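> Quick one, structure for this:
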Amino acid sequence: MLMRDGRLFRERVFMTLNRVLTGTAAALAVVALAACGSEQAGGRQQNTANGVGAQVAATSLSPDAQVAFMEMLERVGAPCVPDAPAATESDDPGPGEHPPTRPSELLPVDEKPPTDVPSPTATPEQPKLNGVEACEGREHGKRITQALTGLNKPTTIQVRQKLNKLGYTDSRIHGLKAERGVVHFYLDLRVMGGQLALKGTAAGKKTTVGAFAHPAEGAFKPGK
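Numbers count the residues shown, from 1 in each chain. Alright, predicted model coming up:
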């Protein structure tokens, strides 16, 4: 099962890289178009192009950085991957055999079939971490806490550098701010439909890191 998970992981990494490269190419095309224009507006358009180009450079990751980030997630989460189940005898019917069938159950005349369509007035279900994600959150929390505990008077720059050194890229770090000697931060670790995110405070020996679930789709907006 671990080998199969490894193959699926590599395939998903390459799919992620394709999306990153496609998005980067599109952004660069926009920069090139913005740089074109008349001589009269050339200066303003050049400034705009430079601004967009700087933003692309700051927010996009190279393929190598993407692969390194994904490999870090796999390495940290390795203890949380369940062992492969023992092989069992196949239940598939042999040649000339027919699989067992069950009589279908008929619904009473006055009973309607169940429906999965939620009520328009129903409260949206809050996201929850599954068992593997909760385990991964603890593993990430331990290594981050160990790295940040040594900072007696942490600054946002120091915390970012420590997180980068651990393999967490800038695009995954959110809400980094210092308040009364405590640095607050969030980490978006959602990949491949996952919901794992971390909330941390760096304050020397009082450093804390906890995991929580964030909706898999959409922008990362913790606390909203």
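
> Do a quick rundown of the helices in this structure.
2-34, 42-59, 63-77, 131-148, 156-166 (DSSP state H).

> Report the contact partners of residue 175.
Residue 175 makes contact with 184-186, 222 under the criterion Cβ atoms under 8 Å, 6 or more residues apart in numbering. Heads up, the C-betas are built off the backbone N, CA and C, glycines and all.

> still on that earlier bit, which of the helices of the chain has the lowest mean pLDDT?
Of all the helices of the chain, mean pLDDT reaches its minimum on helix 42-59 (a mean of 40).

> ok, how many other residues are close to residue 222?
For residue 222, the count of nearby residues is 14 (other Cβ atoms under 10 Å).

> from what I can see it touches residue 174, true?
Yes - counting by Cβ atoms under 8 Å, residue 222 touches residue 174, with 6.9 Å between them.

> overlap in contacts of these two?
With Cβ under 8 Å, 6+ apart as the test, residue 222 and residue 174 both reach residue 186.

> By neighbours, which of the contacts of residue 175 wins?
That'd be residue 185 among those, by other Cβ under 10 Å, with 23 neighbours.

> Do I have it right that it meets residue 155?
No - with contact defined as Cβ under 8 Å, residue 185 does not count as touching residue 155 (11.9 Å).

> Give me the pLDDT value at residue 196.
The model's pLDDT for residue 196 equals 97.

> was I right about it contacting residue 139?
No - Residue 196 is not in contact with residue 139 according to Cβ under 8 Å; the separation is 10.6 Å.

> For those two, indicate the residue with more neighbours.
Neighbour count, other Cβ under 10 Å: between residue 196 and residue 139, residue 196 has more, with 24 against 16.

> Contacts only, for that one.
With Cβ under 8 Å, 6+ apart, residue 196 has these contacts: 129, 133, 136-137, 189-190, 211, 213-214.

> how close does it sit to residue 158?
Distance, residue 196 to residue 158, by Cβ to Cβ, to the nearest Å: 24 Å.
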